[in-house]
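Asker: build me a model:
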Amino acid sequence: MVSKWWHSTCSISLLASALLSAAPASAGLSYSGLFTAPGSGGDNGSYYLVGQAASQSFSVPWLTEVSSLQLTLNLMPPSPWFSNNLNEPLEFSFELNGTTVGSTRYLAKNMPGQWQARDLDFDFAPLFDAGGDWTLRMVVSQAGNPCCAPGNIMLSANNPFAISIPEPNGLALVALGLVGAGLFYRRR
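Answerer: Numbering: from 1, shown residues only. Below is the predicted model:
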């Protein structure tokens, strides 16, 4: 009797794990674009003071709810190591329709990798806009003291981004239903 119980438990667990690890059945609604404002924001693309910002608006009528932002933040080409002349850390906060959704911090130029592109991924509580009108804004939220030569960072106008509202994985929901049905069947 124990081996039969063990076999059915392992079968249900194997089926559930296979279905839960499957690729998403649907990707959800999303919008991709290019965040060009950092290349001309701040002081002509250069950032070094608290409050320096860049913002860009876009309209996506089919996307009235957003809970995820992916952004690649690039330094000014062609020589990225000259684009990061920071002597003190500099932090950027990112806002979507006035709500802060995340931040990233650049360290001093002598820290390895500080001039490479940043792949940022922010998940947050859903934001709503009935018309699908969105404004992405980045602002310097922390910087070194301007009197002490904190240096600067220069950002590119080539910053791909995507906003989305992910949908639940349909196969995961089916798997949970099958596990529940299996447990219900066992109790009978």
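Asker: can you pull the contacts of the residue nearest to the spatial centre of the chain?
Answerer: Compute the mean C-alpha point of the chain, and by CA atoms, centre = their mean the closest residue is residue 121, 2.1 Å away. Going by CB atoms under 8 Å, 6 or more residues apart in numbering, residue 121 touches 68-70. In this view, the C-beta of every residue, glycine as well, is placed from N, C-alpha and C.
Asker: repeat that with 10 Å
Answerer: Neighbouring residues of residue 121 by CB atoms under 10 Å, 6 or more residues apart in numbering: 68-72, 102, 162.
Asker: of those residues, select the buried ones using a ChimeraX command.
Answerer: Remark: buried members of those, expressed as a ChimeraX selection using 16 or more other CB atoms under 10 Å:
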select :68,69,70,71,72,102
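Asker: got phi/psi on the residue nearest to the centre of the chain?
Answerer: Backbone torsions of residue 121, given as degrees, to the nearest 10, read phi -140, psi 110.
Asker: how about the helices of this protein, start to end?
Answerer: 2-20, 41-44, 80-83, 170-187 (DSSP state H).
Asker: show the average pLDDT along the third one.
Answerer: Translated: helix 80-83. Here helix 80-83 scores 70 as its mean pLDDT.
Asker: for the chain, what are the low-confidence residue spans?
Answerer: Along the chain, segments meeting pLDDT under 70 span 1-28, 78-81, 166-188.
Asker: and stretch 93-103, what's buried?
Answerer: So for stretch 93-103, counting by 16+ other CB under 10 Å, buried means 93-96, 101-103.
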